[in-house]
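Peer 1: sharing a model prediction with you, sequence too.
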Amino acid sequence: QVQLRESGGGLVQAGGSLRLSCVDSAPVFSKYTMGWFRQAPGKERELVAATNWSGDTAVYADNVRGRFTMTKDNAKNTGYLQMDSLRPDDTGVYYCAASTRGWDTADWGQGTQVTVVS
């Protein structure tokens, strides 16, 4: 079982950048598919980006494609979400998740707040 911890959130102006990190304390991180989700106030949690176990293939939600980049460094047991050209509607709590059998059975971090102001 993985134990995930996110960091890197904060307050940023529109057009700025943030880099989120997700560290896993378990040695099996390299075997997991990883995803970044976010939840805006009053909205459901949505998938922002996901990558396969090796980190060499990533998929993105339409509203972040071209602005966000997800990577996974198995040697460091860490995943990253580089967020550029941030917009106010990117505001929310960002969670990382890891799973071998789909998101319904994923392990989750505690979340990190991202606030983008105009």
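Peer 2: Yep, that arrived.
Peer 1: need phi/psi at the residue nearest in space to the middle of the chain.
Peer 2: Here the mean C-alpha position of the chain is nearest to the C-alpha of residue 36 (C-alpha atoms, centre = their mean), at a distance of 2.7 Å. In terms of degrees, to the nearest 10, the main-chain angles of residue 36 are phi -110, psi 130.
Peer 1: and if you look at residue 72?
Peer 2: Torsion angles, degrees, to the nearest 10, at residue 72: phi -140, psi 120.
Peer 1: if I read this right, it contacts residue 49, doesn't it?
Peer 2: No. Assessed by C-beta atoms under 8 Å, residue 72 is found out of contact with residue 49, at 10.5 Å. Using the backbone N, CA and C atoms, a C-beta is placed for each residue, glycine as well.
Peer 1: can you name the next helix or strand after the lowest-mean-pLDDT helix or strand in the chain?
Peer 2: The weakest-scoring helix or strand in the chain, judged by mean pLDDT, DSSP states H and E, is strand 107-108 (a mean of 92). Scanning forward in sequence from strand 107-108 by DSSP states H and E, the next helix or strand is strand 112-117.
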